[in-house]
Each structure stands twice: as structure tokens, then as C-alpha cells.
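Peer 1: When you get a sec, could you give me coordinates for this:
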Amino acid sequence: MTATQLAIDIARHAARAAFDKAGRDIIALDVSEHIAYTDVFLLVTAANEPQADAINDEIQARLAAEGLRPARSEGE
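Peer 2: Numbering: from 1, shown residues only. Okay, here's the model as predicted:
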């Protein structure tokens with residue numbers, strides 16, 4: 001089984017938000033065949049902690065504007 005189209009679309013939306021806040025090394029991993037509780041992990045590199053916070057805030061805001069939210073966010 002592969003990630004659902006909805007999960008892929010959400011990951012793309014989040015990746016664009018991260019990119020717009022200067023996130024780099026952005027990678028979306030389809031983990032749907034290995035992990036039951038999620039379809040996609042989105043990994044983003046930030047230069048420092050304030051930038052990581054800004055990226056996280058931007059992703060949260062953009063997803064919220066679409067009525068969505070990530071199941072979990074690490075590094076907070």
C-alpha cells in the first residue's frame with residue numbers, strides 16, 4: 001500500500017510552506033507500508049532553532065487555513 005493522495009497533497013503543501021521559510025533538504029518519505037499510524041514523514045533542515053520554529057509555525061498556519069493539521073510535529 002502507498003500513501004493516500006490526501007497525505008501526499010498535505011505533505012506537498014507543508015513542504016511548500018517550509019521552503020518559503022528557507023527550509024532546506026526537504027524530504028517526504030512514504031512510510032505507509034512500514035508504519036500503521038501515518039503515511040508520510042516530512043523532514044526539513046533549518047539553520048538554527050528560531051528558523052525551525054518559524055518553519056513549524058508556517059506549516060501549522062498554512063495547514064490550519066486549509067482546515068488541516070499534522071498528526072504530530074517534532075522538535076518543538
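Peer 1: In the chain, where is pLDDT below threshold?
Peer 2: Regions of the chain meeting the criterion pLDDT under 70 cover residues 1, 70-76.
Peer 1: Strands of that one, residue ranges please.
Peer 2: 24-30, 40-45 (DSSP state E).
Peer 1: Just name the most buried of these.
Peer 2: Ranked by mean neighbour count, the strands of the chain are led by strand 40-45 with a mean of 18 (mean count of other C-beta atoms under 10 Å). To be clear about C-beta, it is placed using only N, CA and C from the backbone, and glycine gets the same treatment.
Peer 1: That one: partners in the sheet, and parallel or antiparallel?
Peer 2: strand 24-30 (antiparallel) (DSSP bridges).
Peer 1: Find out how far the partner strand is from the centre of the chain, if you would.
Peer 2: Using C-alpha atoms, centre = their mean, to the nearest Å, the distance from the centre of strand 24-30 to the centre of the chain it belongs to is 8 Å.
Peer 1: The closest residue to A3 other than its chain neighbours: how many residues sit nearby?
Peer 2: Closest residue to A3 apart from its sequence neighbours, by C-beta to C-beta, 6 or more residues apart in numbering: D39 at 3.8 Å. D39 has 23 neighbouring residues, counting by other C-beta atoms under 10 Å.
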